[in-house]
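Novice: What shape does this take:
(one chain, ligands or ions: 1)
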Amino acid sequence: MRIQKILVTGANGQLGWALSQAAKVTPNFECIFLDRHAMDLSIPSELERIVELFAPSAIINAAAYTAVDKAETETKLAHTINAEAVAVFASIAKNKNIPFITYSTDYVFSGNATSPYTTDSPLAPINFYGQTKADGELMALAVNPDAIIIRTSWVFSSHGNNFVKTMIRLMKERDSLNIVGDQKGRPTYAKDLAFASIQVLNAINAGATIKGIYHYANAGETTWFDFAQKIKELAGLDCQLTAINSDQFPTPAKRPAYSVLDTQKIEKELNLYIPHWELALSDCILQLKNN
Ligand SMILES: NC(=O)c1ccc[n+]([C@@H]2O[C@H](COP(=O)([O-])OP(=O)(O)OC[C@H]3O[C@@H](n4cnc5c(N)ncnc54)[C@H](OP(=O)(O)O)[C@@H]3O)[C@@H](O)[C@H]2O)c1
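Specialist: Sure, this is the predicted structure:
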């Protein structure tokens, strides 16, 4: 079936919003964006009925339980949204024979590696949020091996809550900030991830077989400290930044020391150019300045 109508969940999230912006310049698809009021993933038994109302020819699940620290205690809700609901979508997509894209995280890995994680690297979730996302991956693929799971990391956008916006706010409020300098990863611009997701559907329409696990993050790697330095420079702010170690910034959920994702598979299969994170960041900061 040719993909024309896409149902997108999580309309108000960073990625959901970026997809809605991308949809404006992608006239070949009709997109239906549903927020949590229209489609609540904490009630998986309701999802099929709502999907039926719209009869989509593809589903993109941009909704998720993303409160990483809260997930350590709100375990049931996090698991329902990130695993059970994802498996239900995968099953619906299988029955309807339509593509299903959902997203996972670098936190499905231990963070102990010293070279980039590939899509085949063994799962060893570092925290409960990572566990729910790993469960979602396995449960979705068990009911629908054609499900498309895109793992991503360090997502930022001019919309929603993220490190870039928090840093800009704090750098305006304070004279100095301590930032973790011993965790390394790949920042991901929601706008670029949205574009890549649309490319997946274009590729399927063109006859490509895209299924299983993929990694998407912007090119390059950095630490939170160096990321913050670049934010400060590009936003033209004046605040003293000091690099600290993770043990000086304890959080309820553990964070990985190294969670760089290897994105070669998606680049090759989609013939995709992935912009460097610094380029993506400058676009994001320009958007923020223009807002
Ligand atoms: N953010 C990151 O750094 C990061 C890193 C790795 C992977 N990911 C993954 O990337 C994907 C996109 O993340 P994001 O950054 O766009 O997340 P986000 O900005 O936190 O957006 C998540 C969206 O999910 C919605 N949501 C939460 N609970 C819901 C429920 N019960 N029913 C329906 N919708 C619900 C939220 O609704 P409200 O707007 O009403 O709260 C929000 O719009 C997710 O799968 C996430 O796990 C994100």
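Novice: Close to the ligand: what parts of the stretch 101-250 of the chain are there?
Specialist: 103, 105, 152-155, 160 (Cβ under 6 Å from any ligand atom). Using the backbone N, CA and C atoms, a C-beta is placed for each residue, glycine as well.
Novice: again, 5 Å this time
Specialist: For the stretch 101-250 of the chain, the residues in contact with the ligand (Cβ under 5 Å from any ligand atom) are 103, 105, 152, 155, 160.
Novice: The last one and residue 125: what is the separation?
Specialist: Taking Cβ to Cβ, to the nearest Å as the measure, residue 160 falls 24 Å from residue 125.
Novice: Then the first one?
Specialist: When Cβ to Cβ is applied, the distance between residue 103 and residue 125 equals 15 Å.
Novice: more crowded one of those two?
Specialist: residue 103 (27 against 19; other Cβ atoms under 10 Å).
Novice: Now find how far off-centre the helix or strand hosting that one is within its chain.
Specialist: Per DSSP states H and E: residue 103 is located in strand 100-105. Centroid separation between strand 100-105 and its chain, computed with Cα atoms, centre = their mean, to the nearest Å, is 8 Å.
Novice: so what strands line up beside that strand?
Specialist: Looking at strand 100-105 with DSSP bridges, its partner strands are strand 58-61 (parallel), strand 148-152 (parallel).
Novice: Can you give me the buried ones in the shortest one?
Specialist: With burial defined by 16 or more other Cβ atoms under 10 Å, the residues of strand 58-61 counted as buried are 58-61.
Novice: hey, where'd the helices end up in the stretch 151-291 of the chain?
Specialist: Assigned by DSSP state H, counting those that start in this stretch, the stretch 151-291 of the chain shows helices spanning 163-173, 190-205, 224-235, 264-270, 277-290.
Novice: would a markdown table of those with mean neighbour count and mean pLDDT be doable?
Specialist: Shown next, in a markdown table, are those (neighbours: other Cβ atoms under 10 Å; pLDDT from 0 to 100):
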| stretch | mean neighbour count | mean pLDDT |
| --- | --- | --- |
| helix 163-173 | 16 | 98 |
| helix 190-205 | 21 | 97 |
| helix 224-235 | 20 | 98 |
| helix 264-270 | 16 | 97 |
| helix 277-290 | 17 | 97 |
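Novice: Let's have the ones you listed in CSV, adding distance to residue 248.
Specialist: As requested, those are arranged in CSV below (distance: least, Cβ to Cβ, whole Å):
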stretch, distance to residue 248
helix 163-173, 17
helix 190-205, 29
helix 224-235, 12
helix 264-270, 35
helix 277-290, 25
